[in-house]
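Enquirer: Sequence first, predicted model second:
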Amino acid sequence: QVRLEESGGGLVEPGGSLRLSCAASGGLFSIYTMGWYRQAPGQSRALIGTINNSGDAKYVDSVKGRFTISRDIGKHMVFLEMHSLRPEDTAVYSCYAEASMIVGAQAQPPRNYWGQGTQVTVSA
């Protein structure tokens with residue numbers, strides 16, 4: 001199983017910046033797409049953006065120009081740089097990865113894996 005662990009959450013003032021990291025571990029695997037979701041209080045989990053193995057990132061409109069997703073493929077990590085943070089960005093942020101476990105030199109069918117999430121609070 002692929003395990004994802006986020007770090008970097010915390011409390012930040014409106015207009016501030018924060019950088020989240022997510023590291024994947026758990027044996028031999030191939031990761032295809034990685035990305036970030038967030039879940040605000042009382043709301044469903046919502047996509048922020050994704051990044052493929054070529055480094056092409058896509059974002060939802062609400063974070064375009066403020067958030068940047070990047071990857072370190074060799075270290076199986078994905079990052080989320082957040083700037084100009086707003087109170088409405090307050091949420092639990094989770095990373096995800098579409099990955100295949102490698103068993104006996106054969107890739108298993110890909111599936112999505114999720115981290116536990118890290119809290120980001122934007123407040124004065």
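Expert: Nice, thanks for sending it over. Numbers count the residues shown, from 1 in each chain.

Enquirer: any idea of the pLDDT on the residue of the chain most remote from its centre?
Expert: Note on the chain: the largest separation between a C-alpha and the mean C-alpha position, by Cα atoms, centre = their mean, falls on G104 (28.9 Å). You'll see G104 listed with a pLDDT of 87.

Enquirer: Next secondary structure after the helix-or-strand element of the chain with minimal mean pLDDT?
Expert: Using mean pLDDT, DSSP states H and E, strand 106-107 stands out as the lowest-scoring helix or strand of the chain, at a mean of 88. As assigned by DSSP states H and E, the chain's next helix or strand after strand 106-107 is strand 111-114.

Enquirer: returning to that earlier point: residues in contact with the residue farthest from the centre of the chain?
Expert: Not one residue lies near G104 by Cβ atoms under 8 Å, 6 or more residues apart in numbering. Any C-beta I mention is one placed from the backbone N, CA and C, and that applies to glycine too.

Enquirer: ok, now how distant is it from Q116?
Expert: G104 sits at a distance of 30 Å from Q116 (criterion: Cβ to Cβ, to the nearest Å).

Enquirer: now swap in L28 and tell me
Expert: 22 Å.

Enquirer: wait, R19 sits on V78?
Expert: No - when contacts are counted by Cβ atoms under 8 Å, R19 is not listed as touching V78 (11.5 Å).

Enquirer: Show me what counts as buried in stretch 2-21.
Expert: V2, L4, E6, G8, G9, V12, L18, L20, S21 (16 or more other Cβ atoms under 10 Å).
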